[in-house]
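Dropping a prediction and its sequence here:
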Amino acid sequence: MSDLTVTLIQSNLHWHDPAANYAELDRHIASIPIRTDLVVLPEMFTTGFSMEAPTQAEPMDGPTLPWMRQHAATLNAVVCGSVMMREGEAYFNRLLWVRPDGTFSYYDKHHLFTFAGEQHVFTPGQQRLLEEWRGWRICPLVCYDLRFPVWSRNRPEDPYDLLLYTANWPTARRSAWNALLRARAIENVAYTIGVNRVGTDGNRHEYAGDSALIDMRGDYLLEAGNHEASVTRTIRRSELEAFRQRFPALHDADPFELLPVPKA
């Protein structure tokens, strides 16, 4: 199995200004110093974390997917991040997983942030997304999902090697972000990525960044700090395999089944 090079882009997002965010992210993507396999952008990277979906959400044939396709093709890499999407009368906080050939998958955020009223605006997704990319099994999730270990769990029936979260996680809960990222990496015996934003949004919430790449031991391989950054690192499949053989904790995990959410 090959190694995987990952790029974490930690940006200051312009409030409700997709064009400015495309331009800002164009600059970061252009600065990637080496060939990469996967580029991870923040949550709601076109608008910031907003509940104003009726005016800010776009349809699937809107401008963001072509923009992501262009970068994926140019980089020969997957580009992923979440965007406000509209389907009929429903709105989704939707992570797009866009491949170099233009095909894509998506994951709709399952755990909606009731503290901000996200559940009153968006429809929750009911299925995790597991992607295979260049010999790696990858599970992409969104922000608040980080707090829920059962949803994030590395299960024998759908195992993964890399867990990632795209987020807008405020400075006020910074310690939880750092602690939970390490916990998810350790308990799932998997490389784990968290990509956050920096700056202040239109609701005056501040974001400290702290985007990171953490290995299966819970050790930091990469930290982006609290400023705008594009950081790249190669993760080693051989190190993951060797650690899992020496310390087979996943084999001792309790079996469980996720039940469907009852319809209202």
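Cool, got the structure. Numbers count the residues shown, from 1 in each chain.

mind listing what P159 touches?
Taking C-beta atoms under 8 Å, 6 or more residues apart in numbering as the criterion, P159 is in contact with R137, L250. From N, CA and C alone the C-beta is placed, and that goes for glycine too.

where does it land on pLDDT?
You'll see P159 listed with a pLDDT of 96.

quick one: pLDDT of M216?
So M216 comes in at 98 (pLDDT).

Spit out the contact partners of it.
Taking C-beta under 8 Å, 6+ apart, one finds A185, I186, N188, V189, A190, Y191, L240, F243, R244 in contact with M216.

Would you mind checking those for buried ones?
By neighbour count, with 16 or more other C-beta atoms under 10 Å, the contacts of M216 hold A185, I186, N188, V189, A190, Y191, L240, R244 as buried.

I'd guessed P18 sits against T64; true?
Yes - P18 lies in contact with T64 (C-beta atoms under 8 Å); the separation is 7.2 Å.

Mind listing what's buried along stretch 143-154?
Going by neighbour count (16+ other C-beta under 10 Å), the buried part of stretch 143-154 is C143, Y144, D145, L146, S152, R153, N154.

TSV for these, including pLDDT, secondary structure and distance to M216?
Shown next, in TSV, are the buried residues of stretch 143-154 (pLDDT from 0 to 100; DSSP: H, G, I helix; E, B strand; the rest coil; distance: C-beta to C-beta, whole Å):
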residue	pLDDT	secondary structure	distance to M216
C143	98	helix	22
Y144	98	helix	23
D145	98	helix	19
L146	98	helix	17
S152	97	helix	14
R153	97	coil	14
N154	97	coil	10
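
ranges for the helices of the stretch 1-150 of the chain?
18-30, 53-56, 64-75, 149-152 (DSSP state H, counting those that start in this stretch).

among these, which is the most enclosed?
The highest mean neighbour count among the helices of the stretch 1-150 of the chain, using mean count of other C-beta atoms under 10 Å, belongs to helix 64-75: a mean of 18.

Which elements pack onto it?
Helices and strands touching helix 64-75, as assessed by 3 or more C-beta pairs under 8 Å, 6 or more residues apart in numbering; DSSP states H and E, comprise helix 18-30, strand 78-87, strand 90-98, strand 104-108.

one more time with 6 Å, if that's ok
Helices and strands touching helix 64-75, by 3 or more C-beta pairs under 6 Å, 6 or more residues apart in numbering; DSSP states H and E, are strand 78-87, strand 90-98.

coming back round to it: spit out the residues that contact P18 and T64 alike.
T46 (C-beta atoms under 6 Å, 6 or more residues apart in numbering).

Could I get the full set of helices for the stretch 151-264 of the chain?
Remark: helices assigned in the stretch 151-264 of the chain by DSSP H, counting those that start in this stretch are 174-188, 237-246.

Now do the closest residue in space to T192 that isn't next to it in sequence, the pLDDT please.
Of all residues not flanking T192 in the chain, A185 sits nearest, at 3.7 Å (C-beta to C-beta, 6 or more residues apart in numbering). The score at A185 is 98. That number is its pLDDT.

next one: the one 3 residues further on
The model reports N188 with a pLDDT of 98.

Return the residues in contact with the spatially closest residue to it that is not a sequence neighbour.
Nearest non-adjacent residue to N188, counting by C-beta to C-beta, 6+ apart: N154, 3.9 Å away. With contact set as C-beta under 6 Å, 6+ apart, N154 has these partners: Y160, N188, A190.

Quick check: nearest residue in space to the most centrally placed residue in the chain, chain neighbours excluded?
Taking C-alpha atoms, centre = their mean, the centroid of the chain lies closest to T166, which sits 2.7 Å from it. Among residues not flanking T166 along the chain, E43 sits closest, at 4.8 Å (C-beta to C-beta, 6+ apart).

So which of the contacts of M216 is the closest to T114?
The closest of those to T114 turns out to be N188 (C-beta to C-beta; 24.9 Å).

Thanks a lot, catch you later.
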